[in-house]
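# pasting a predicted model and its sequence here:
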Amino acid sequence: MTDFNKILEKAKELETKMKESQENIKKIKVEGISGTNSVKVILDGNGEMQKIEISDQIIKEDKTIIEDLIVAAHNNAKAKLKNKTSEEISKATGGVGIPGFKWPL
């Protein structure tokens, strides 16, 4: 029975670490940039956009260029968030993936 008890202990330990990771992920903030700092987008750990900054110089550009730069900045931030989230998950699981488990992104 000791093996089963060890498994239960490890499962509880993993559950605790995963809860901590989820809390840490909520605190993450990432900045995506495009157009040589013309557009900056800040996302939180849930992938929600918290802020967007558009430089005065870019406002004079064509609307489609601005739209493309916003999308590029958002995609840049989302990629950074995915990396940070993966790092946080790896800390909790010791690098072991959990089949079927999906994070907010």
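Good, I have the coordinates. Numbering: from 1, shown residues only.
# for the helix or strand where residue 11 lies, buried residues please.
Using DSSP states H and E, residue 11 sits in helix 2-27. Within helix 2-27, the residues that count as buried by 16 or more other CB atoms under 10 Å are 21, 24, 25. Heads up, the C-betas are built off the backbone N, CA and C, glycines and all.
# one more: stretch 39-47?
39, 40, 41, 42, 43, 44, 45, 47.
# can you list which of the residues you listed are found in strands?
Among the buried residues of stretch 39-47, the residues falling in strands (DSSP state E) are 39, 40, 41, 42, 43, 44.
# how near is residue 21 to residue 53?
Distance from residue 21 to residue 53, counting by CB to CB, to the nearest Å: 29 Å.
# and residue 9, how close does it get to residue 84?
According to CB to CB, residue 9 and residue 84 sit 29 Å apart.
# pick out the residue closest to the middle of the protein.
residue 81 (2.6 Å; CA atoms, centre = their mean).
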